[in-house]
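> Here is my input, please return the structure:
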Amino acid sequence: MVKKLTAAILALIVLFPLLYTISLSFFSMPDFNANPARFLPSKINFSGYKAALENRYFLIYSANSLITALLASIIRCVITVLSAFTFTYLEFRGKKILLYLLILTIFIPQDALLFENYVTITRLGLADTYFGIIATSLFSATQLIIAMTAAKSLSREPYDAARIDGANDYIYMAYILCPLIKSVLLAVFLQSFVSVFNAYLWPLLITSRTEMRTIQIGISLLGFAESGDKGGLFSALMIVLIPLMALTLASRKIILKALSEGLDN
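Predicted coordinates for the structure are as follows:
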């Protein structure tokens, strides 16, 4: 009983900012100015959501974030699988040295590479493009290590049997390796999606056109803060959170199912 009560209290503490943001998104202006401060709105007010959705740039910013997050996550999953397979199953000269160099990138602060990355991307003519926004998010050494650990935990017999049957490496990865480590790949996808979707500094540097801004930058450009429309600001924040919450809830069942299948096997 004590453990359940403690877990409930901790869950409430963690969820309180989200619950309060949801409540604030339905506030009217008198609710924001109430003294003492209110936790719940005096009445449900959808004017903030209407103002956010009617802003012509809000949907553009949201679409840019969704597109870049999806592209980066898919490409990173592909690169992670290819890299994990290469370093797990193949033998070639300089394999360990290359792997160690990739792992060492974990210790390089991303902010230290901002200038060099910006110069490279602009010289390639990729500024104000989707690929320019995601170019620095296509590889993660940490996720490579996780995928390699999952791949090495598998028996090598399926790979040898697939090769004897005439299947090439790509068929093995697509039909055998990926299904066996799908929970890991899903975790890689989720982490990539959230990190790219929430990125602020790099998209701010590499985009200058209003039409290419992502939602994390765009929220401050919608004008709600300057106009004093706090309801519109919090409503916009809630709409931004919806894809992340939906993705997390939808993937939770998939992860649990994949883990349970792994335990059964």
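
> residue contacts, Asn117?
Residues in contact with Asn117 (C-beta atoms under 8 Å, 6 or more residues apart in numbering) are Ala135, Thr136, Trp202. Where C-beta positions appear, they are placed from N, C-alpha and C, glycine not excepted.

> Can I get these in CSV including neighbour count, pLDDT and secondary structure?
Output for those, formatted as CSV (neighbours: other C-beta atoms under 10 Å; pLDDT from 0 to 100; DSSP: H, G, I helix; E, B strand; the rest coil):
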residue, neighbour count, pLDDT, secondary structure
Ala135, 18, 92, helix
Thr136, 19, 90, helix
Trp202, 23, 92, helix
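
> Same list (those residues) but as TSV, adding distance to Ile9.
As requested, the contacts of Asn117 are arranged in TSV below (distance: C-beta to C-beta, whole Å):
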residue	distance to Ile9
Ala135	43
Thr136	40
Trp202	37
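
> of the residues you listed, closest to Ile219?
Within the contacts of Asn117, proximity to Ile219 (C-beta to C-beta) peaks at Trp202, which comes in at 16.5 Å.

> And the contacts of stretch 217-224?
Contacts of stretch 217-224 (C-beta under 8 Å, 6+ apart): 51-52, 55, 57-58, 60-62, 64, 200, 203-204, 207, 210, 213, 229-230, 232-233, 236-237, 240.

> ok, now with 10 Å
48, 51-52, 55-58, 60-62, 64-65, 199-201, 203-204, 207, 210, 213, 215, 225-226, 229-237, 239-240 (C-beta atoms under 10 Å, 6 or more residues apart in numbering).

> List only those of those flagged as buried.
Buried residues within these, counting neighbours by 16 or more other C-beta atoms under 10 Å: 48, 51-52, 55, 58, 60-62, 64-65, 199, 203, 207, 213, 215, 229-237, 239-240.

> The residues you listed in helices, which ones?
48, 51-52, 58, 60-62, 64-65, 203, 215, 230-237, 239-240 (DSSP state H).

> just the helices in the stretch 101-250 of the chain please.
For the stretch 101-250 of the chain, the helices defined by DSSP state H, counting those that start in this stretch occupy 114-123, 130-134, 141-152, 157-164, 169-172, 178-180, 182-197, 201-206, 215-218, 224-227, 230-264.

> Quick check: buried residues in the fourth one?
Residues of helix 157-164 classed as buried under the neighbour-count rule (16+ other C-beta under 10 Å) are Tyr159, Ala162.

> Could you tell me the angle between that helix and helix 141-152?
80 degrees (axes from the mean of the first three to the mean of the last three C-alpha atoms, to 10 degrees).

> hang on, the earlier thing: out of the helices of the stretch 101-250 of the chain, the one nearest Leu104 is which?
The closest of the helices of the stretch 101-250 of the chain to Leu104 is helix 141-152. By C-beta to C-beta, the value is 7.9 Å.

> If we go by neighbour counts, what in that closest one is buried?
Residues of helix 141-152 classed as buried: Ala141, Gln143, Leu144, Ile145, Ile146, Ala147, Met148, Ala150, Ala151 (neighbour count, 16+ other C-beta under 10 Å).

> Output that helix in CSV with nothing but the alpha carbons.
Output of helix 141-152 as CSV, limited to C-alpha atoms (Å, rounded to 0.1, in the frame of the first residue of the first chain):
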residue,chain,number,x,y,z
ALA,A,141,26.9,6.3,-31.4
THR,A,142,24.9,5.5,-28.3
GLN,A,143,22.1,3.9,-30.3
LEU,A,144,24.7,2.0,-32.4
ILE,A,145,26.0,0.5,-29.2
ILE,A,146,22.5,-0.5,-28.1
ALA,A,147,21.7,-2.0,-31.5
MET,A,148,25.0,-3.9,-31.6
THR,A,149,24.3,-5.3,-28.1
ALA,A,150,20.9,-6.6,-29.2
ALA,A,151,22.4,-8.1,-32.4
LYS,A,152,25.2,-9.8,-30.6
